[in-house]
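**Student:** I would like the atomic coordinates for the input below:
(one chain, ligands or ions: 2)
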Amino acid sequence: MPRPSYLLFVFLLAGMIAGLTAAPFTSPTPQTRQIALGDISQEKPMFRVLLEPDQDFPPIIAPGPTDWLAMHEEPGQTFGQYISSGANWRNSQRNVIYILPLGKFSSANSPSLELLRDYAARFFQMEAKILPAYQPTEQEFSPRNNSFTNERQILATEILEFLPTRLPKDAYCLIAVTMDDLYPAPSWNFVFGMANLSTRVGVFSFARYAQGLDGADNTALQKQILHRACKVLVHETGHMCGILHCVYYECLLNGSNHLAEADKRPQQLCPVCLRKLKFCIGSGFDPVKRYKELAEFYRKQGWSEELAWTERQLAKAESLRKKIESKEQSSLPAKQ
Ligand SMILES: [Zn+2]
Ligand SMILES: [Zn+2]
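**Tutor:** Ligands and ions are numbered 1, 2, ... in the order given. Next up is the predicted model:
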């Protein structure tokens, strides 16, 4: 299938650039959100109940002046547009998410790579593996000192050119993670991450994730860094699945322009994006099993908000299962 040109675009997670403004954002109507979700009558009842746009899926709120949608005009992507996009669906040959550590990870301010791997595997219902770390040389990837922070940064576009040389044959995608700060071009201050969908590679930095946490004790700091890192990892891997930014609900796939906006974004997918993910993963995607596995992760990490949300989805599934079971019981012929 030919790839539409948007798959060649590079996605910037966020970066501060002056002077960008977009036409005022118009909040989608319930009808727009319904059209975006599409006709779900052919989906299994158990999945349909999880796509119900109830209070667990608040509509997207209008952006503040420095938020993503105030600066970037995005039309959204309906489920119908998604399935005709020819994105990078998972298949039997390419079905592993690879994580490549780039540079050094100190235990004091870095997220656990094993927990990131585990979270990605549960979220995408796909095998996820960590590759041996790659240590760039001192001069590799055009290092510079940022003029505001005076911290060392490396050039994300050069990393994107390098990563395809490390792409294993069975890779669904390859995500490099680094504690070095990134910049996407000389005129930019920084970027959290970039991905190239046509080559299925991306790079994301966790260098700025300890911001705003001065004075936090080490456990709280680690917890917040992991929370942020998990969120960016699954957001960006969602882009690798060809899912564009969501403009319908408060959703993991909303764009974010700064850390405070990223922090507000939920860890979960809205009905439109969840339906896209199921389509991308294809056979073997069991939404209830996925929520059970995610709940287990949230419980272990003490992410109470995410756990409560996920348990509510599981309760919806359980209630439907009981209804179906009692219907089946009542339709059984009476004992003689
Ligand atoms: Zn994004
Ligand atoms: Zn969404």
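**Student:** now the stretch 1-150 of the chain, which segments are flagged as low pLDDT?
**Tutor:** Low-confidence segments of the stretch 1-150 of the chain (pLDDT under 70): 1-22.
**Student:** ramachandran angles for Asn218?
**Tutor:** phi -60, psi -40 (degrees, to the nearest 10).
**Student:** in the chain, which spans are strands?
**Tutor:** Taking DSSP state E as the criterion, the chain contains strands spanning 10-12, 96-102, 127-130, 144-145, 152-155, 171-178, 181-183, 193-196, 201-205.
**Student:** out of those, which one sits most buried?
**Tutor:** Compared across those, strand 201-205 shows the largest average neighbour count, a mean of 27 (mean count of other C-beta atoms under 10 Å). Any C-beta I mention is one placed from the backbone N, CA and C, and that applies to glycine too.
**Student:** could you export it as CSV, CA atoms only?
**Tutor:** Extracted in CSV, the C-alpha atoms of strand 201-205 (Å, rounded to 0.1, in the frame of the first residue of the first chain):
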residue,chain,number,x,y,z
VAL,A,201,12.5,5.3,14.6
GLY,A,202,12.3,8.0,17.2
VAL,A,203,14.4,9.6,19.9
PHE,A,204,13.1,11.0,23.2
SER,A,205,14.9,12.8,26.0
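**Student:** quick one: average pLDDT of it?
**Tutor:** Averaging pLDDT along strand 201-205 yields 92.
**Student:** just checking: what are the partner strands of that strand?
**Tutor:** Looking at strand 201-205 with DSSP bridges, its partner strands are strand 171-178 (parallel), strand 193-196 (antiparallel).
**Student:** can you give the distance from that strand to the centre of its chain?
**Tutor:** Here strand 201-205 is found 12 Å from its chain centre; the criterion is C-alpha atoms, centre = their mean, to the nearest Å.
**Student:** quick one: it to strand 96-102, angle?
**Tutor:** Angle between the axes of strand 201-205 and strand 96-102 is 50 degrees (criterion: axes from the mean of the first three to the mean of the last three C-alpha atoms, to 10 degrees).
**Student:** and the contacts of strand 201-205?
**Tutor:** 11, 13, 102, 156, 159-160, 163-164, 167, 173-182, 191-196, 232-233, 236-237, 239-240 (C-beta atoms under 8 Å, 6 or more residues apart in numbering).
**Student:** on that earlier part again, between the strands of the chain, which one is closest to ligand 2.
**Tutor:** Closest to ligand 2 of those, according to C-beta to the ion: strand 10-12, at 15.3 Å.
**Student:** could you dump the strands of the chain into a markdown table with distance to ligand 2 added?
**Tutor:** Formatted as a markdown table, the strands of the chain follow (distance: least, C-beta to the ion, whole Å):
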| stretch | distance to ligand 2 |
| --- | --- |
| strand 10-12 | 15 |
| strand 96-102 | 20 |
| strand 127-130 | 22 |
| strand 144-145 | 35 |
| strand 152-155 | 31 |
| strand 171-178 | 19 |
| strand 181-183 | 25 |
| strand 193-196 | 18 |
| strand 201-205 | 19 |
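**Student:** so is stretch 269-283 next to ligand 2?
**Tutor:** Yes: residues of stretch 269-283 are located near ligand 2 by C-beta under 5 Å from the ion, namely Cys270, Val272, Cys273.
**Student:** remind me, longest helix of this protein?
**Tutor:** In the chain, assigned by DSSP state H, the helix with the most residues is helix 304-330.
**Student:** give me the contacts around stretch 103-116.
**Tutor:** Everything outside stretch 103-116 that qualifies as a contact, by C-beta under 8 Å, 6+ apart, is 99, 101, 130, 133-136, 177-180, 206, 209-210, 218, 221-222, 225-226, 229-230, 233, 301.
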